[in-house]
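Colleague: Sequence isn't available, so here's the structure alone:
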C-alpha cells in the first residue's frame, strides 16, 4: 500500500529541535526508520512540513511507522493512498473487466 504522508511539524517542537541543533539528526533518524521512497520538505499550511511517499506491505505497519512523527515532532499527520503510473494502469484495466 503506497501512501503519501503529510506531516505538519508542531511549531514549538520544531523550534526547540532547530535551536538545540537536533533537527537534522532527528529527521535523518526518522527517515531511516520510516524508509520512504521519496521525502520532500518545505513550508505548507503555515507549518514546517514533510511529504513522504511510503510503501507499506500491510496496513498494520501504519502505527509503528507514523509514531515517530507524533512522538518526536508532535506532528499533525495526514495519510492519503496514492499510486504510481504502473499501479494506475493496472487498476484502470480492472475497471474494464
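Modeller: Good, I have the coordinates. The model shown is predicted, which means the values in this text are computed figures rather than measured ones.

Colleague: Quick one: name whatever helix or strand follows the lengthiest strand in the chain.
Modeller: For the chain, the longest strand by residue count, based on DSSP state E, is strand 47-55. Proceeding C-terminally, strand 47-55 gives way to helix 62-73 as the next helix or strand, assigned by DSSP states H and E.

Colleague: other SSEs contacting that following helix?
Modeller: strand 2-8, helix 11-19, helix 23-34, strand 76-81 (3 or more Cβ pairs under 8 Å, 6 or more residues apart in numbering; DSSP states H and E). For the C-beta atoms, the positions are set from N, CA and C on the backbone; glycine is no exception.

Colleague: ok, and what's touching the longest strand of the chain?
Modeller: The contact list for strand 47-55, computed with Cβ atoms under 8 Å, 6 or more residues apart in numbering, reads 1-11, 14, 27, 34-44, 65, 69, 75-76, 82.

Colleague: same deal with stretch 5-13?
Modeller: Identification of contacts with stretch 5-13 by Cβ under 8 Å, 6+ apart yields 34, 36, 44-45, 47-54, 66, 69, 72-80.
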